[in-house]
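Visitor: What would the 3D arrangement of this be:
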Amino acid sequence: MITVYGIRNCDTCRKALIWLEAGGIEHRFHDFRKDGLTATQVAVWLEDVGAAVLLNKRGKTWRNFSNAEKESVDAGKAEALIVANPTLVKRPVFEGAGTLLVGFGNAQRDALKG
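Guide: Residues are numbered from 1 along each chain as shown. Sure thing, here's the model as predicted:
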């Protein structure tokens, strides 16, 4: 089973959930705005895909940080920032069967189809 991490009001997350349903792909949804993320989970994700992939630098949460805060982000700080501000995660995140995918483009769809 795939766990889809995201937020309910994210258009891309909604599209991904509809696509998974239509394809009959078994999944569950974890709303990290409501249910949060653990430091351990974020550390594993950062280790797997890196901050450059995981951090959503196009979103409102990132834009609200000062330039000094943005420039000083390293792997350790990224983990703390994401745990405190889960909406910093690029969405959706798909986790299952030893695979971690971030985003919902053609490459992620192909990987999810299997």
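
Visitor: Every contact and neighbour count from this point should use C-alpha atoms.
Guide: OK.

Visitor: which residues of the protein fall in helices?
Guide: Assigned by DSSP state H, the chain shows helices spanning 11-22, 32-35, 39-49, 51-54, 60-63, 67-71, 75-84, 106-113.

Visitor: Dump these to a markdown table, plus mean pLDDT.
Guide: A markdown table is the format used below for these (pLDDT from 0 to 100):
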| stretch | mean pLDDT |
| --- | --- |
| helix 11-22 | 97 |
| helix 32-35 | 92 |
| helix 39-49 | 95 |
| helix 51-54 | 94 |
| helix 60-63 | 92 |
| helix 67-71 | 88 |
| helix 75-84 | 90 |
| helix 106-113 | 93 |
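
Visitor: Adding mean neighbour count and distance to Phe94 as columns, could you present those helices in TSV?
Guide: Output for the helices of the chain, formatted as TSV (neighbours: other CA atoms under 10 Å; distance: least, CA to CA, whole Å):
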stretch	mean neighbour count	distance to Phe94
helix 11-22	15	10
helix 32-35	14	13
helix 39-49	15	11
helix 51-54	18	12
helix 60-63	14	21
helix 67-71	10	26
helix 75-84	18	17
helix 106-113	12	9
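
Visitor: Now render these as JSON lines, adding distance to Glu95.
Guide: JSON lines is the format used below for those (distance: least, CA to CA, whole Å):
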{"stretch": "helix 11-22", "distance to Glu95": "13"}
{"stretch": "helix 32-35", "distance to Glu95": "13"}
{"stretch": "helix 39-49", "distance to Glu95": "10"}
{"stretch": "helix 51-54", "distance to Glu95": "13"}
{"stretch": "helix 60-63", "distance to Glu95": "23"}
{"stretch": "helix 67-71", "distance to Glu95": "27"}
{"stretch": "helix 75-84", "distance to Glu95": "17"}
{"stretch": "helix 106-113", "distance to Glu95": "10"}
